[in-house]
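Participant: Sequence first, predicted model second:
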Amino acid sequence: MKAFAQLVQQVGSSTKTNEKLQALLQYFNTADDADKVWTIAIFSGRRPKRFVNTRMLTDCCIELTQTPAWLFEECYHTVGDFAETIALLATQKNTAAIQQALPSLSQLIASFISLQKTDEETRKAFVVSHWQHMDFDACFVFNKLITGGFRIGVSQQTMVNALQKATGIDASVLAHRISGNWDPSNTSFTELILSGDTTADSSKPYPFYLAYPLAAEPESLGPIADWQVEWKWDGIRGQVIVRDALYIWSRGEELLTDYLPEFHGWEKLLPPGTVLDGEIVALLPNANSIPEHIGPFAQLQTRINRKLVSKKLLQQSPVGFIAYDVLEWKGEDIRQTPLSERRPLLEQLLQEHPLPGLFKSPVVTADNWETLTEQRRYSRDQKAEGLMLKRCNSVYQTGRKVGDWWKWKIEPLTIDAVMIYAQKGHGRRSNLYTDYTFAVRDGDKLVSFTKAYSGLTDKEFAEVDAFVKKHAIEKFGPVRTVKPELVFEIAFEGIAASNRHKSGVALRFPRINRWRKDKPASEINTLDDLKQLLQQYGNSSSK
Amino acid sequence: MSLIQFTDKGLYCPVGDFYIDPWRPVQRAVITHAHSDHARWGSARYLSHHLSKGMLRQRLGQDIALQTIGWEEPLRIHDVELMLFPAGHIVGSSMVRVAAHGETWLITGDYKLEDDGLSTAWQPVNCTHMVTECTFGLPIYQWQPQQQVYNDMCTWVTQNHQQQYTSVFYAYSLGKAQRIQRALAATGLRIWLHGAIANANEALKADGIVLPECHRITADTSKADIEGQIVIAPPSAAGSSWLKKAGRYRDANCSGWMQVRGNKRRNNSDAGFVLSDHADWPSLLQAVQLCGAEKVYSTHGFTDSFSRYLQEEKNIWSEAVQTQYGGEEDAPETTGGAA
Ligand SMILES: [Zn+2]
Ligand SMILES: [Zn+2]
């Protein structure tokens, strides 16, 4: 546990990838095998099942530290991280002397599992007694483990690279070995990493190949004939695996099979040993073709966020799969075959096995880059957010690699708005007012329509922060109403009608594009402007 | 009429006709300490402790009309008795006690309870009304004993030295910078100072403060002199080309704000040490209790929370007061503030 806490501290505080890699390598070279397995599991997004909830932990902390509930809230708001807030409050009085030897990571998690069946008091007592014997670092990690909210600041790629250094096994092989459906409680390090026995788990997805955003002019890519062009769909990247059964994985390596009953049965209809890469998208009811029948992204979210999909929801918000690549063909890994040969296999497969809800991502053709640039302008009509450029002779690589796959997104929609509320940020900006709410004009009123977080430089945030502190008109708890004076250009990827918002619209991926210091608040956009955007793009993209 | 009033120019004593740490020019200003959010330019006459003399003149002008007094030296201004007590924040930092008509007010300025060996140590002052800072007025802010932090800093410096890295510390030039110098003298390495900090050192030395041997970085200083040693610079030097002189370096911030991981990360430095010249949460409560005030006004920091806590949990009347304190050296948004 101590070594793991130290590792988390090191990778969390370092800003340099190489230092993170070294820390991981050091850990993999020295840690106990059972701990290593759990570390790999946690760093790849698997976590022990929760045996406490945040309410119980808040109660424990309030009782132990005699902090009033409102003050605990205030602390949490300032720190911005639940596990850290508790670690700061609960370990203050722990001197080095009372910090006992801690159990190992795997022992600790074994206790978590055995606690599942006990009553609330036992679980609370377990938590409090551990807090009382920990320093800040250990307590922080302990809380992260029991709340399951691990975001460590290390990419899976970095971890895989460290494992490669430690074991001498190729990174792409390792990436595959640690993917899929394995239980860290009963998988040994040897089974998982060293033996390479992947046949045992037929659910394993291939690591996704990710595209880089295209920043240069497309002409720099050479002749257009060397490229296969597709629309960039707006859904959830996914992999459909048909082996002994059906498995559907998201790019975040989440197993989505249970959420997607409309795909159930494909394991009997598609040939065994087939793996498809593509996009899970929302569909309109009774959809039979794309892009006309693609539904809004928000609808997809209602499907993925709940476990039990009701019949009604299934009817109202169906989903489909737009396939764009085939990675496994007749049980054989064909990722090293060039795209120009994989694509005909995909077309053949979908032609021989037409299934409702399964679509082929069409290839966009253009004679030259200029025409393509023109076509890209109509992405929103295609319910796409731009184009994908894939080199015809590219193999299917692992992770984000420059060179062969590019995403060429369309310019975002924008609107000029004035800031009316501000709130302190979380995490690294926990002492600055960095969360803003924006409004457009409606006659002589201001109507709030979105929040936006990212998009300013640290210097600009500091400037806005100073403005908020000076010009706060009213306080509602942590929220400050500010003089409507600062104008910002808000960029977003899509717009949809919403009755949960005062303005009647909901934006997708809103962010601050730039600070319009040149514009007075009297010249911002109006609610009518927003409604016009909704008319124009609302039903088609709603992204 | 209240002995101290909260006006738009600052804290005002109508009976004595003077202000304490005003943020606009006034006729007579009593200054708690030489940090820029407390000592502002433009007043006709200033009063402070002897030990603030050099720094105040360096910052506000050599020709300001400045009267200085010692600790616990009573001074009559009209019907008011004024006295300064050590605040323990930086060299010369004082708490101002104002007594008249049966009321005794204590205006703390910035303070800390732990004796840093440079600033004269804080001591409790009996009062009926207390105007206290609460920069770190939340229970998440509790400091380790300074020696432990110093040890961690020395370990980090020594490790950098062994790996042939220069250790660069960002610190506000008055207060934190000198504390770091004293802490790091134990490493036996050379300590190099940015000009702004070297200037502050000189002003302090002129007032009789003893500091370890340090060296000013000038145009003639070469990279070879500095590499592997220690550099102390103001936060504004972070990421600037001035740092080229340091050669291969690792950098660190020393501030109370480093208590929260998010702030540490935001600074983008290699290390963050939790070292503050302000009272932490337990010290704030302890100070209020030891001074025995019936009414407590809170200024800069988490004023609302601190006042509510006093009111509800400690049964002490308390209210938050808007001031313009909490400048450069207290602000979390400044990289490596001296808070
Ligand atoms: Zn100060
Ligand atoms: Zn201050």
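Facilitator: Arrived safely. Ligands and ions are numbered 1, 2, ... in the order given.
Participant: Pop out the phi and psi values for residue A:141.
Facilitator: phi -70, psi -40 (degrees, to the nearest 10).
Participant: same question, residue B:162
Facilitator: With angles defined as degrees, to the nearest 10, residue B:162 sits at phi -60, psi -30.
Participant: separation between it and residue B:272?
Facilitator: Residue B:162 sits 21 Å away from residue B:272 when distances are taken as CB to CB, to the nearest Å. C-betas here are computed from N, CA, C, even on glycine.
Participant: okay, those two: which has more neighbours?
Facilitator: Using other CB atoms under 10 Å in any protein chain shown as the criterion, residue B:162 and residue B:272 rank with residue B:272 on top: 23 against 9.
Participant: and the host helix or strand of the more buried one, what other elements does it pack with?
Facilitator: In this structure, residue B:272 sits in strand B:271-273 according to DSSP states H and E. Contacts defined by 3 or more CB pairs under 8 Å, 6 or more residues apart in numbering or on different chains; DSSP states H and E place strand B:271-273 against helix B:146-162, strand B:249-254.
Participant: Give me the distance from whichever helix or strand comes after the shortest one to the chain's centre.
Facilitator: Going back to what we said before, that points to strand B:249-254. Going down the chain from strand B:249-254, the next helix or strand is helix B:261-267, by DSSP H and E. Counting by CA atoms, centre = their mean, to the nearest Å, helix B:261-267 is centred 21 Å from the centre of its parent chain.
Participant: who does helix B:261-267 touch, helix- and strand-wise?
Facilitator: helix A:2-13.
Participant: which other residues reach the helix it packs on?
Facilitator: Residues external to helix A:2-13 that are found in contact with it (CB atoms under 8 Å, 6 or more residues apart in numbering or on different chains): A:19-20, A:23-24, A:27, A:30-31, A:35, A:39, A:102, A:105, A:137-138, A:140-142, A:144, A:152-154, B:261, B:264-265, B:271-272.
Participant: immediately after it, which helix or strand?
Facilitator: Following helix A:2-13 toward the C-terminus (DSSP H and E): helix A:17-30.
Participant: The helix or strand just after that following helix vs helix A:17-30, what angle?
Facilitator: Next along the chain after helix A:17-30, taking DSSP H and E as the criterion, comes helix A:33-43. With axes from the mean of the first three to the mean of the last three CA atoms, to 10 degrees defining the directions, helix A:33-43 sits at 150 degrees from helix A:17-30.
Participant: Buried ones in the helix or strand following helix A:33-43, by neighbour count?
Facilitator: Counting by DSSP H and E, the next helix or strand C-terminal to helix A:33-43 is helix A:54-65. Across helix A:54-65, burial judged by 16 or more other CB atoms under 10 Å in any protein chain shown covers A:57, A:58, A:60, A:61, A:62, A:64, A:65.
Participant: distance between helix A:54-65 and the chain's centre?
Facilitator: Relative to its chain's centre, helix A:54-65 lies at 29 Å (CA atoms, centre = their mean).
Participant: repeat for stretch A:434-452
Facilitator: Using CA atoms, centre = their mean, the offset of stretch A:434-452 from its chain centre is 27 Å.
Participant: What are the contacting residues of it?
Facilitator: A:415, A:417-426, A:453, A:456, A:461, A:464-465, A:484, A:488, A:490, A:492, A:501-503, A:505, A:507, A:510-512, A:524-530.
Participant: okay, how far is it across stretch B:210-218, tip to tip?
Facilitator: 22 Å (CA to CA, to the nearest Å).
Participant: what's next to that stretch, contact-wise?
Facilitator: Stretch B:210-218 is contacted by residues B:178, B:181-182, B:185, B:190-195, B:198, B:201, B:204-205, B:221, B:226, B:231-232, B:245 when judged by CB under 8 Å, 6+ apart.
Participant: From the residues you listed, list just the buried residues.
Facilitator: Buried by 16+ other CB under 10 Å: B:178, B:181-182, B:185, B:191-194, B:198, B:201, B:204, B:226, B:231-232, B:245, out of the contacts of stretch B:210-218.
Participant: Closest one to ligand 2 out of those, please.
Facilitator: Minimum distance to ligand 2 across those is 17.0 Å, recorded for residue B:178 (CB to the ion).
Participant: which residues touch that closest one?
Facilitator: Counting by CB under 8 Å, 6+ apart, residue B:178 touches B:91, B:118, B:200, B:201, B:204, B:209, B:211.
Participant: still on that earlier bit, is it possible to export the buried residues of helix A:54-65 to JSON lines including pLDDT?
Facilitator: Output for those, formatted as JSON lines (pLDDT from 0 to 100):
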{"residue": "A:57", "pLDDT": "95"}
{"residue": "A:58", "pLDDT": "95"}
{"residue": "A:60", "pLDDT": "96"}
{"residue": "A:61", "pLDDT": "96"}
{"residue": "A:62", "pLDDT": "95"}
{"residue": "A:64", "pLDDT": "94"}
{"residue": "A:65", "pLDDT": "94"}
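Participant: any idea which of those residues is closest to ligand 2?
Facilitator: residue A:65 (27.9 Å).
Participant: And for the closest one, nearest residue in space, chain neighbours not counted?
Facilitator: Nearest residue to residue A:65, sequence neighbours excluded (CB to CB, 6 or more residues apart in numbering or on different chains): residue A:89, at 4.9 Å.
Participant: Show the subsequent helix or strand relative to the strand holding residue B:272.
Facilitator: Assigned by DSSP H and E, the successor of strand B:271-273 is helix B:281-291.
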